[in-house]
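Engineer: model the structure of this input:
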Amino acid sequence: MKPLIVLLSVFAVSLVITKIFSGNYKFALSGRIAMSVMLVFTAIAHFVFTKGMVMMLPDFIPYKTETVYLTGVIEIMAAIGLFIPKLKIITAWLLIAFFILILPSNIYAAIKNIDYQKGTFEGNGLNYLFFRIPLQLFFIFWTYMLAIKS
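Structural biologist: Here you go, the predicted structure:
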């Protein structure tokens, strides 16, 4: 829920600021700013809640801690890549692939009732998926519309 709040609030603020300074609403730019801020926000969680994020990965995944750190770095790189004109579209496609690839870990975490912030097995469980799966699809749609289509 927090990433969605960050995304939408930064988008709204960005729209107002672009309107004030350019005279026009800049939806694509505001959307990329919002996605980038959200990605940095979620990347920070990879470094702050590493233990819980490691618990989200199934047993067959090797180097779990390193994988959590790597995905945090990937999110930061994507946040930057969305603003480099020559990399914007490829970054968006890779980000869409990333959103698809991380969904199984969210499903696994829900099945195992993992609370990644506390590093416990006392999370929301399967009810979480009723929010997380549509949210993941929304992030994919957002990225496509504001980085690829624009």
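Engineer: just the pLDDT for residue 129.
Structural biologist: For residue 129, the pLDDT comes out at 83.
Engineer: surely it touches residue 106?
Structural biologist: Yes. Residue 129 is within contact range of residue 106, at 7.5 Å (criterion: Cβ atoms under 8 Å). (C-beta placed from N, C-alpha, C; glycine too.)
Engineer: any idea which residue sits dead centre in the protein?
Structural biologist: The structure's the chain has its C-alpha centroid closest to residue 39; by Cα atoms, centre = their mean the separation is 4.8 Å.
Engineer: where's that one relative to residue 17, distance?
Structural biologist: Look at residue 39 and residue 17: by Cβ to Cβ, to the nearest Å, they are 19 Å apart.
Engineer: then residue 133?
Structural biologist: With distances defined as Cβ to Cβ, the gap from residue 133 to residue 17 amounts to 32 Å.
Engineer: okay, helices next: where are they in this structure?
Structural biologist: Using DSSP state H, the helices of the chain run over residues 2-22, 27-48, 50-55, 64-81, 88-111, 129-143.
Engineer: report the angle between the longest one and helix 129-143.
Structural biologist: To tie it back to what came earlier, the one meant is helix 88-111. In terms of direction (axes from the mean of the first three to the mean of the last three Cα atoms, to 10 degrees), helix 88-111 departs from helix 129-143 by 180 degrees.
Engineer: what about helix 88-111, distance to the chain center?
Structural biologist: On the basis of Cα atoms, centre = their mean, to the nearest Å, helix 88-111 sits 8 Å off its chain's mean C-alpha point.
Engineer: list the contacts of the residue nearest to residue 133 when sequence neighbours are not counted.
Structural biologist: With sequence-adjacent residues excluded and distances taken as Cβ to Cβ, 6 or more residues apart in numbering, residue 133 is closest to residue 103, at 7.2 Å. Neighbour list for residue 103: 132-133, 136 [criterion: Cβ atoms under 8 Å, 6 or more residues apart in numbering].
Engineer: from the residues you listed, list the buried ones, please.
Structural biologist: For the contacts of residue 103, burial is judged from neighbour counts taken by 16 or more other Cβ atoms under 10 Å, and it is met by 132, 136.
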